[in-house]
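Colleague: Structure of the sequence below:
(chains A and B)
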Amino acid sequence: MPMSCHIYRQVPRKAVVEKPARVAEREARALLEKNRSYKLLEDSESGEEAVGSNGSSLQKKRKRRKHLRKKHQEDEEEEEEEVSESGKRKTGGSKSPTEEKPASEDEWERTERERLQDLEERDAFAERVRQRDKDRTRNVLERSDKKAYEEAQKRLKMAEEDRKAMVPELRKKSRREYLAKREREKLEDLEAELADEEVLFGDVELSRHERRELKYKRRVRDLAREYRAAGEQEKLEATNRYHMPKETRGQPARAVDIVEEESGAPGEEQRRWEEAQLGAASLKFGARDAAAQEAKYQLVLEEDETIEFVRAAQLQGDEEPSGPPLSAQAQQKESIQAVRRSLPVFPFREELLTAIANHQVLIIEGETGSGKTTQIPQYLFEEGYTKKGMKIACTQPRRVAAMSVAARVAREMGVKLGNEVGYSIRFEDCTSERTVLRYMTDGMLLREFLSEPDLASYSVVMVDEAHERTLHTDILFGLIKDVARFRPELKVLVASATLDTARFSAFFDDAPVFRIPGRRFPVDIFYTKAPEADYLEACVVSVLQIHVTQPPGDILVFLTGQEEIEAACEMLQDRCRRLGSKIRELLVLPIYANLPSDMQARIFQPTPPGARKVVVATNIAETSLTIEGIIYVLDPGFCKQKSYNPRTGMESLTVTPCSKASANQRAGRAGRVAAGKCFRLYTAWAYQHELEETTVPEIQRTSLGNVVLLLKSLGIHDLMHFDFLDPPPYETLLLALEQLYALGALNHLGELTTSGRKMAELPVDPMLSKMILASEKYSCSEEILTVAAMLSVNNSIFYRPKDKVVHADNARVNFFLPGGDHLVLLNVYTQWAESGYSSQWCYENFVQFRSMRRARDVREQLEGLLERVEVGLTSCQGDYVRVRKAITSGYFYHTARLTRSGYRTVKQQQTVFIHPNSSLFEQQPRWLLYHELVLTTKEFMRQVLEIESSWLLEVAPHYYKAKELEDPHAKKMPKKVGKTREELG
DNA sequence: GAGCACTGC
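Modeller: Modelled structure (predicted):
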């Protein structure tokens, strides 16, 4: 069953046309549905034995239907056991078929009527939302004068800021040139350095022979360079075309091979040899020189062991190492058009446009720096793809990227940002009715499907950075592929780095691949000779090795997390202190997402002359930010990765070896300003045999609650057969469906309910949005919004610097309120708001200002959406029981009770623990609810709230039965521990 | 008594 029918059915025009016949059609459909479900019941009953434990998903689904259907007829007391169980136990559960009572026909009629009424209401709600959106657009049009003024002001401000930004930019450019020059002279530098060492350490052993050797090597390299310049030209010509996948089918690596083969025409062997020689020349502590060099290291490094690296490969660069970057030259001409023409994509303009005209879907393969993101949408604009009010969308995985790229394109086109060119990200919509080039985050385009399921106002959709495989891009693929089928005039561009283009092509029905060369300097890759046991120690030693032996250029080290980074920085600083003036100055700078902004900014300050900067970073430096001047990359080969266990609903963050793709991305960071080097702290063998080819896509290691809700609200019912590029685990989808059913977002037929449609409007997890909707009933939406906003900034509220641990912990305890962590969060936010959202207040209370500001943004957005989902703003005026009950309405799925052997989750009977940072850590209430379950050293519940078991029956009677909530051990419990604290509220 | 990579709506 093609998915397109589902989406197409959601297109507004059609819904309006259908309206008169609606009721009749509904009734007919209801009857059909009813008949069908009865038949299904019989089917699955008789087919029971045939469906083994590994029955097809279709069969499972039918069983599920039957199951849900059956449940409806049974006593309510029996229900929840079934819901909480996944496919496996269903067989057991239905083995004893309670008689299918036709006696309950009335009951069935009633629920059926309710269901239909709910669907009606849901559609009416969706229509109202649509109408409101339309009104809002009209308002914008009316207010266009005011808006234009505001935009002009905004633009003026930006222009000024641009000018300000220009100076450091120019400084950067000149520094780039300087570094390129330095690179050219690296052997001279080496000589100078050797001379330095001679003076410093008085070692006379630096022989003439050694210098003669260097001079010889330099000559060899000059020859090699000339040769490469010629070879480069040839390569450019060779890649100057796009190819159809048919030519390469079954040979996925072919694209790369072509470049290799064709660039290596005559003299290839000699070139390789010369390159090897060149490698040896720049190899300061490789295996070959090891013996000669060792003595000197020991003088500096004190350590007996230094790490041996072997140069094993080179990441091909497209940029001639000796030439300064073209863009720098062009910049001097101060001509934007010249810059545009200088980009690698420019020569391909016509060919590219022809290819786009001829094919609906085109995969564009190009490295960063090829100009594809900024230029292609402009080409399309120039070619007339935005006529008749049509728009071009270009998606980015990150907000900053969408913003900065849009700003640059606006500048290149000489228009105000927000007019013809705009961007659209969460909390910030810088577009107007005139906007035709729209840069946006991928999640934003996904949200647009809710209001415009066929993307009717877009003529082109370009999904950029597709290789990153974010959750949102992956979902977009499925939806766009579907939309493209019934909108043949829609053009789809998928832009990716060299990785995986064959797979994208295959997914989009063998779409052609268009290759654009990038602009990057070559990077030499070095591996260790033997595996390193302690990679942190190895990192520190290697950094010092590089510092002492290598020409200028900053170092970037990739570690897994804050703790490691802090440790490494400490060790480095310690060693530097001990070495004192024996080595040149080494600036050690940490960077990770949770580092306060002012500390983060330090890594962008230029390195003082004579010193060297070493940036110790998490994965944040792999894609999210680029640091100028990095020549050396040190890669231990690990990263922290989230994984999700759908059985327990538990996520964990574990240190795992990174993928080859990730390793290459890291290496590429060394080749952005000049030829660089990447030192990998593992062996070449490990790279070849132990690393995965690519990182597991996010969609396969995360919970999918809101994705399922979104797809359901787009009318996609059959999720098991949705066209995923890489399908998520079956269990993950099943758990998401079950949770949505329990939350009342889906009815027993798996259809979206009114409540579910509302939940889909809120950009938060289903349980959180359920909690927000429930706040209406308990008249505490003000408080609940705050709690929701605070929960959605990830545990980064409290700042805990190492040197002030005691103060920080005290400050945190001061916020504690009886009842639990949710109320503590509410308390923090309220006090902050009372301080006038002060940053000083944050500083004094060891609260992270950035997180609070984010919480405020989220809260404001949710407040706006509350009106959209027709929930009024009300406050409980300090009656926290109502707040806690509203939270329970969303999180009744996440409950735990205290037993004699500690906490157990109510449904899965899994042993869990209160996180030590929780305000309830020492209180151990009998019943509690948790926001999330994480596996670190133990299974911890993070953000817990004390509840009363009776509330569970109140908020989720369909999910809990009274018997289940009785406490058999109640009387045996010690008196103080686990006492329900009624006086709290 | 633990210790949370990175995004995004």
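
Colleague: average pLDDT for stretch A:745-764?
Modeller: Averaging pLDDT along stretch A:745-764 gives 91.

Colleague: So which bits of it are buried?
Modeller: For stretch A:745-764, the neighbour count (16 or more other C-beta atoms under 10 Å) marks A:745-748, A:750-764 as buried. For glycine as for every other residue, the C-beta is placed from the backbone atoms N, C-alpha and C.

Colleague: The residue of the stretch 701-850 of chain A found nearest DNA strand B: which element?
Modeller: Closest residue of the stretch 701-850 of chain A to DNA strand B, C-beta to the nearest atom of the strand: A:Pro763 (3.0 Å). For A:Pro763, there is no host helix or strand (DSSP states H and E).

Colleague: List the residues that contact it.
Modeller: Applying C-beta atoms under 8 Å, 6 or more residues apart in numbering, we find A:Pro763 in contact with A:Arg426, A:Arg447, A:Asn706, A:Gln861, A:Leu865.

Colleague: quick check, the third one in a helix?
Modeller: This points to A:Asn706. Yes - under DSSP: H, G, I helix; E, B strand; the rest coil, A:Asn706 sits within a helix.

Colleague: wait, it sits on A:Leu768?
Modeller: No - using C-beta atoms under 8 Å as the test, A:Asn706 is too far from A:Leu768 to be in contact (9.2 Å).

Colleague: ok, back up a step: same list, the contacts of A:Pro763, but as a markdown table with pLDDT please.
Modeller: Converted to a markdown table, those look like this (pLDDT from 0 to 100):
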| residue | pLDDT |
| --- | --- |
| A:Arg426 | 88 |
| A:Arg447 | 90 |
| A:Asn706 | 88 |
| A:Gln861 | 91 |
| A:Leu865 | 90 |
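
Colleague: and the residue of the stretch 701-850 of chain A closest to DNA strand B, what are its phi and psi?
Modeller: Phi and psi for A:Pro763, reported as degrees, to the nearest 10, are phi -80, psi 50.

Colleague: Against A:Leu446, how distant is it?
Modeller: Distance, A:Pro763 to A:Leu446, by C-beta to C-beta, to the nearest Å: 10 Å.

Colleague: Stretch A:417-437: which residues count as buried?
Modeller: Applying 16+ other C-beta under 10 Å to stretch A:417-437 flags A:417-425, A:430-432, A:434-437 as buried.

Colleague: Report whether that stretch contacts DNA strand B.
Modeller: Yes - in terms of C-beta under 7 Å from any atom of the strand, part of stretch A:417-437 sits within range of DNA strand B, namely A:Ile425, A:Arg426, A:Phe427.

Colleague: Which secondary structure element of chain A has the lowest mean pLDDT?
Modeller: Every helix and strand of chain A was ranked by mean pLDDT, DSSP states H and E. The lowest is helix A:254-263, at a mean of 29.

Colleague: contacting residues around the nearest residue to A:Thr905 once chain neighbours are set aside?
Modeller: Excluding the flanking residues, the one nearest A:Thr905 by C-beta to C-beta, 6 or more residues apart in numbering is A:Ala896, at 5.1 Å. Applying C-beta under 8 Å, 6+ apart to A:Ala896 gives the contacts A:Tyr903, A:Arg904, A:Thr905, A:Val906, A:Val912, A:Trp927, A:Leu928, A:Leu929, A:Tyr930, A:Met941.

Colleague: Dump those to JSON lines, plus pLDDT, distance to DNA strand B and secondary structure.
Modeller: Formatted as JSON lines, the contacts of A:Ala896 follow (pLDDT from 0 to 100; distance: C-beta to the nearest atom of the strand, whole Å; DSSP: H, G, I helix; E, B strand; the rest coil):
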{"residue": "A:Tyr903", "pLDDT": "92", "distance to DNA strand B": "14", "secondary structure": "strand"}
{"residue": "A:Arg904", "pLDDT": "91", "distance to DNA strand B": "19", "secondary structure": "strand"}
{"residue": "A:Thr905", "pLDDT": "90", "distance to DNA strand B": "17", "secondary structure": "strand"}
{"residue": "A:Val906", "pLDDT": "88", "distance to DNA strand B": "22", "secondary structure": "coil"}
{"residue": "A:Val912", "pLDDT": "92", "distance to DNA strand B": "12", "secondary structure": "strand"}
{"residue": "A:Trp927", "pLDDT": "93", "distance to DNA strand B": "22", "secondary structure": "strand"}
{"residue": "A:Leu928", "pLDDT": "92", "distance to DNA strand B": "18", "secondary structure": "strand"}
{"residue": "A:Leu929", "pLDDT": "93", "distance to DNA strand B": "18", "secondary structure": "strand"}
{"residue": "A:Tyr930", "pLDDT": "93", "distance to DNA strand B": "13", "secondary structure": "strand"}
{"residue": "A:Met941", "pLDDT": "91", "distance to DNA strand B": "11", "secondary structure": "strand"}
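
Colleague: Including neighbour count, could those go into CSV?
Modeller: Compiled in CSV, the contacts of A:Ala896 are given as follows (neighbours: other C-beta atoms under 10 Å):
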residue, neighbour count
A:Tyr903, 23
A:Arg904, 17
A:Thr905, 21
A:Val906, 22
A:Val912, 23
A:Trp927, 23
A:Leu928, 24
A:Leu929, 25
A:Tyr930, 24
A:Met941, 25
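
Colleague: of the residues you listed, closest to A:Pro551?
Modeller: Closest to A:Pro551 out of these is A:Met941 (52.4 Å), distances taken as C-beta to C-beta.

Colleague: Mind listing the residues bridging to that closest one?
Modeller: Beta-bridge partners for A:Met941, by DSSP bridges, are A:Ile914, A:Leu933.

Colleague: do A:Asp524 as well
Modeller: Bridge pairing for A:Asp524 (DSSP bridges) gives the partners A:Gln314, A:Lys677.
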